[in-house]
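Q: Predicted coordinates and the sequence they were generated for:
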Amino acid sequence: MSSSILKPATELARASDVRFPNESTEYRRAREALLAEEIELRRHIERVAEQRRSLPPGGEVKKDYAFEGESGPASFADLFGDKTTLVVYSYMFGPQRERPCPMCTSLLSAWDGEVPDIQQRVALAIVARSPIERLKAFKRERGWHYLPLYQDISGEFSRDYHALTKDGGDDAAFNVFMRRHDGSRQTIRHFWGGEMNGASADPGQDPRGAPDLMPIWTILDATPEGRGTDWYPKLSY
């Protein structure tokens, strides 16, 4: 996206003819200033996405990671299906947990209905360390229809791609891989992974990536109360 051909955000904001019933002049002036910032945010998100797409090739995946899927054993290459790109979400539901992470569960519940659309473009795998039968049972309990679940049998994939903490606990992780022909052989490489954590969090905020993967936060950020500092999703209410 070339910034040289873009109109200033303030000019685009002034051109908006959206008005709401009984709004004041003060409200419209402040809303116009906010609209300019929203336009700049949209542009920044696109610049970041473009920069991400321009990354040089990541590290080659050389290990033979083993998974158990809902239909049986699967290699890492199997997770791609007929796609050249694979998105992996590491779900915080290890065998030591009585119940899965509520935050991860909220995210995946929002994703479930999007899976058929996502799979038109890329492969998707939801990976956790609990036995596959336990994962399938929770899928039924939650009413998920489409999420493709896989057990990381040895935990080695989770360890290598930052879904385990130093003390062996679960951590959420989001990684993207690509499969390409490299001369006479097929090569799988890491493309990108989320790296924003506690070390990069701003004061007063929980660690989170950007753009945020959870639709609920996008909705709550548009409300007067915002997302708050002490409310989190639960498995039940």
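A: Yep, that arrived.

Q: which SS state does residue 209 fall under?
A: coil (DSSP: H, G, I helix; E, B strand; the rest coil).

Q: Check it and give its pLDDT.
A: For residue 209, the model assigns a pLDDT of 78.

Q: Which segments of this structure make up each domain?
A: Listed by automatic domain parsing, the domain ranges of the chain are 26-55, 66-193.

Q: Output the ones you listed as a markdown table; include the columns mean neighbour count.
A: Just so you know, the C-beta spots here come from the backbone N, C-alpha and C atoms, and that holds for glycine as well. Formatted as a markdown table, the domains of the chain follow (neighbours: other CB atoms under 10 Å):
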| stretch | mean neighbour count |
| --- | --- |
| domain 26-55 | 12 |
| domain 66-193 | 16 |
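
Q: As a markdown table, those domains with mean pLDDT and distance to residue 232 would be great.
A: Converted to a markdown table, the domains of the chain look like this (pLDDT from 0 to 100; distance: least, CB to CB, whole Å):
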| stretch | mean pLDDT | distance to residue 232 |
| --- | --- | --- |
| domain 26-55 | 97 | 25 |
| domain 66-193 | 96 | 6 |
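
Q: Would you mind telling me which of those domains is nearest residue 218?
A: Of all the domains of the chain, domain 66-193 sits nearest to residue 218, with 10.0 Å by CB to CB.

Q: The closest residue in space to residue 163 that isn't next to it in sequence and residue 226, how far apart?
A: In this structure, residue 163 finds its nearest non-sequential neighbour in residue 90, 3.4 Å apart by CB to CB, 6 or more residues apart in numbering. Separation of residue 90 from residue 226 (CB to CB, to the nearest Å) stands at 28 Å.
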